[in-house]
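S.K.: heads up, no residue letters with this:
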């Protein structure tokens, strides 16, 4: 089990208490953290990321017993979900406490709360003794970081304190569930699936007029290279169109290439949803660096284990969470 040294934790806590920012690992992706009770410090998150001010951030706690500092009330459905999935990769959208500043909530009356399970996140939160506001540790709209080196690549010397917890276990952002106005809504799919949530609270309401939530923009989680979703049988043909023009093309597939082509970089990510999700952002970062004019991605299956992957890929091409048409691949 990866843990930070006491010296590393002390340095990070000191930075947070001084109003600084700290990157730290969670089981999902790396977070860019600030003291959630310090509005100036939270503002620095938005400045460093280039994040719109109406985009809420998630407050991380080490234990649900501190919820009363951030949440006005805990609906019964939310309590059941917390009991089942916390600590873990679930963010709950709840009615905010009156004293919570709107910079944390994006000006809304709701707040996102998570209790992460990563041991270093727990070390940091416990030592700090308060809530840490933390979106993913990357420039706004870019690929989320799943390794400390990804964070350093994004921010360099602008972010001196980075706790290194190795590679993120899950590799995609948390599942977000809204528990407001007597309804339970899935706002962002993740490692915890719709079926798992329904098993705890029953049928979910349509997203409808749900509050704004992290990662809900049409274009998000995107590499710098343009992305295109392609059916499996069309991958080589589409790649050949670029190669025929002398242009480099990158491919993220679920199988090996049927034949090699010059100017083509191909990653076979396999057909297991959990492994594919774990490696997705790392693979896209690798392909982003090859200097291609386009990243072609084989359309994944549309069944539930792939829901989070399809959500992230649809946003990478600007479809706003609508899964592209695809077959089983």
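M.R.: On my side now, so go ahead. The structure presented is a predicted model; accordingly, all values stated were derived computationally and were not measured. Numbers count the residues shown, from 1 in each chain.

S.K.: quick one, phi/psi of the residue most central in space within the chain?
M.R.: With distances taken as CA atoms, centre = their mean, the residue of the chain nearest its centroid is residue 173 (2.6 Å). Backbone geometry at residue 173, expressed as degrees, to the nearest 10, gives phi -60, psi 160.

S.K.: Report how many residues lie close to residue 40.
M.R.: Using other CB atoms under 10 Å, residue 40 has 10 other residues around it. The C-beta positions use only the backbone N, C-alpha and C, and glycine is treated the same way.

S.K.: one step back: skipping its backbone neighbours, what lies nearest the residue nearest to the centre of the chain in space?
M.R.: Nearest non-adjacent residue to residue 173, counting by CB to CB, 6 or more residues apart in numbering: residue 28, 5.3 Å away.

S.K.: Now do the contacts for the one you found.
M.R.: 89, 116, 168, 170-174, 190-191 (CB atoms under 8 Å, 6 or more residues apart in numbering).

S.K.: Swap in 7 Å and give it another go.
M.R.: Contacts of residue 28 were listed using CB atoms under 7 Å, 6 or more residues apart in numbering, and they are 89, 168, 170, 172-174.

S.K.: ok, these vs residue 296, which is closest?
M.R.: Here the nearest of the contacts of residue 28 to residue 296, counting by CB to CB, is residue 172; it sits at 20.6 Å.

S.K.: Give me the distance between that closest one and residue 181.
M.R.: To residue 181, residue 172 is 28 Å away according to CB to CB, to the nearest Å.

S.K.: Have a look at these two and say which one is more surrounded.
M.R.: The residue with more neighbours, out of residue 172 and residue 181, is residue 172; 27 against 11, by other CB under 10 Å.

S.K.: you'd agree that one is up against residue 312?
M.R.: Yes - between residue 172 and residue 312 there is a contact under CB atoms under 7 Å: 6.3 Å.

S.K.: Mind listing the shared neighbours of the two?
M.R.: residue 280.

S.K.: can you confirm residue 164 is in a helix?
M.R.: No - using DSSP: H, G, I helix; E, B strand; the rest coil, the secondary structure at residue 164 is coil, not a helix.

S.K.: which ones are touching it?
M.R.: residue 148.

S.K.: Does anything pack onto the helix ranked longest in the chain? Which helices or strands?
M.R.: Longest helix of the chain, by residue count under DSSP state H: helix 273-288. Helix 273-288 sits against strand 249-253, strand 264-268, helix 307-316, with contacts defined as 3 or more CB pairs under 7 Å, 6 or more residues apart in numbering; DSSP states H and E.

S.K.: Any chance you could list what contacts that helix?
M.R.: 143-144, 146, 150, 170-172, 223-225, 250, 252, 265, 267, 269-270, 295, 305-306, 308-309, 312.

S.K.: change it to 6 Å
M.R.: Here helix 273-288 makes contact (CB atoms under 6 Å, 6 or more residues apart in numbering) with 143-144, 146, 171-172, 223-225, 250, 252, 267, 269, 295, 305-306, 309.

S.K.: Can you say which of those are buried?
M.R.: For the contacts of helix 273-288, a burial check counting by 16 or more other CB atoms under 10 Å picks out 143-144, 146, 171-172, 223, 225, 250, 252, 267, 269, 295, 306, 309.

S.K.: in the helix or strand bottoming out on mean pLDDT in the chain, what's buried?
M.R.: Ranked by mean pLDDT, DSSP states H and E, the weakest helix or strand in the chain is helix 235-244, scoring a mean of 92. Neighbour counts over helix 235-244 (16+ other CB under 10 Å) mark 235-236, 239, 242 as buried.

S.K.: do stretch 89-97 as well
M.R.: Buried residues in stretch 89-97 (16+ other CB under 10 Å): 89-96.

S.K.: That stretch - what's its average pLDDT?
M.R.: Mean pLDDT, computed over stretch 89-97, is 98.

S.K.: What of stretch 69-80?
M.R.: The model assigns stretch 69-80 a mean pLDDT of 97.

S.K.: And stretch 174-190, by the same measure?
M.R.: On average, the pLDDT along stretch 174-190 is 96.

S.K.: Show residues contacting it.
M.R.: By CB under 6 Å, 6+ apart, stretch 174-190 touches 28, 75, 77-78, 89-94, 110, 114, 172, 192, 194, 201, 204-205, 207, 210, 213, 215, 307-308, 311.

S.K.: end to end, how far does it reach?
M.R.: Separation of the first and last residues of stretch 174-190 by CA to CA, to the nearest Å is 5 Å.
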